[in-house]
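Enquirer: this one's structure only:
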């Protein structure tokens, strides 16, 4: 079946540091890939997405590239801010399906 | 008002109580979802409604009973819950058509505590 594996947190960084959160997936066919972010006390918000191989999703300074050869969708940001402290979820959706499969989430804490 | 709205934000209930969680979406979507988020566990998909029909029930105990009266509203009826059911319950919606390009939009959740 489908599965998503992402690095366990917490990841603790200083402001302006470089952030990478690894995400790999297992799926048949050509799923769409997503990163969601959950700020404290809130639900999940879509951060970015990619629907086919080699697509790059980007938003708010975050980027992730759909790598089919390595079945990965790593999230990166060049210079984090305290406001980026949150839990980040990698997810996939199979083609023509409604169901999202989530990774376990990675908590990121950015210190001033 | 736009987006996905869940009420109440917080709920404390005893094991013998009956309560309901409500979700409303103003995005024109036609699929709705209930997820359970427990501490230190992955997000668990509970139910999926597509075009007002339940299309997925992930082996959820019968003490959780969903209801989708129309494409904008989703309820989760709760009765005789257990303390381990304490969690954040998240509602989401999406568009069925062109599903691959339609991300889920989540509400802020209901924090449920069962005493």
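Expert: That came in fine, so what should we check first? This one's a predicted model, so the numbers in the text were calculated from it and none came from an experiment.

Enquirer: what lines up beside the helix or strand bottoming out on mean pLDDT in chain B in the sheet?
Expert: Across the helices and strands of chain B, mean confidence by mean pLDDT, DSSP states H and E is lowest for strand B:53-57: a mean of 81. Looking at strand B:53-57 with DSSP bridges, its partner strands are strand B:44-50 (antiparallel).

Enquirer: what does the strand it pairs with contact?
Expert: Outside strand B:44-50, the residues that touch it by C-beta atoms under 8 Å, 6 or more residues apart in numbering or on different chains are A:98-100, B:30-38, B:54-58, B:60, B:64, B:66, B:68, B:74, B:76, B:96. Just so you know, the C-beta spots here come from the backbone N, C-alpha and C atoms, and that holds for glycine as well.

Enquirer: now swap in stretch A:5-12 and tell me
Expert: Contacts of stretch A:5-12 (C-beta under 8 Å, 6+ apart): A:19, A:21-26, A:87-90, A:103-111.

Enquirer: residues of the least confident helix or strand of chain B that come out buried?
Expert: Across strand B:53-57, burial judged by 16 or more other C-beta atoms under 10 Å in any protein chain shown covers no residue at all.

Enquirer: same question, stretch B:21-40
Expert: B:21-25, B:29-37.

Enquirer: which one of the residues you listed is nearest chain A?
Expert: Comparing the buried residues of stretch B:21-40 against chain A with C-beta to the nearest C-beta picks out residue B:31 as the nearest, at 5.4 Å.

Enquirer: and that closest one, what are its bridge partners?
Expert: Under the criterion used (DSSP bridges), residue B:31 bridges to residue B:50, residue B:94.

Enquirer: And the helices in chain B?
Expert: With DSSP state H applied, chain B shows no helices anywhere along its length.

Enquirer: Could you check which residue of it lies nearest chain A?
Expert: Of all residues in chain B, residue B:106 sits closest to chain A, at 3.7 Å by C-beta to the nearest C-beta.

Enquirer: That residue: what's it in contact with?
Expert: Contacts of residue B:106 (C-beta under 8 Å, 6+ apart): A:36, A:43-45, B:4, B:35, B:90-92.

Enquirer: make it 6 Å
Expert: A:43-44, B:90, B:92 (C-beta atoms under 6 Å, 6 or more residues apart in numbering or on different chains).

Enquirer: again with residue B:105
Expert: Per C-beta under 6 Å, 6+ apart, neighbours of residue B:105: B:4, B:27, B:93.

Enquirer: now do 10 Å
Expert: A:43-46, B:2-4, B:25, B:27, B:29, B:91-95 (C-beta atoms under 10 Å, 6 or more residues apart in numbering or on different chains).

Enquirer: go on, residue B:114?
Expert: B:11-15, B:17, B:19, B:78, B:80-87.

Enquirer: mind running it again at 7 Å?
Expert: Residues in contact with residue B:114 (C-beta atoms under 7 Å, 6 or more residues apart in numbering or on different chains) are B:13, B:15, B:81-83, B:85-86.

Enquirer: again, but for residue B:12
Expert: Counting by C-beta under 7 Å, 6+ apart, residue B:12 has contacts B:113, B:115.

Enquirer: rewinding a little: out of the contacts of stretch A:5-12, who's near chain B?
Expert: Within the set of those, contact with chain B (C-beta under 7 Å from any C-beta of the partner chain) is found for residue A:104.

Enquirer: before we move on, the earlier item: give me the subset of the buried residues of stretch B:21-40 lying in strands.
Expert: Taking DSSP state E as the definition of strands, the buried residues of stretch B:21-40 contribute B:21-25, B:31-37.
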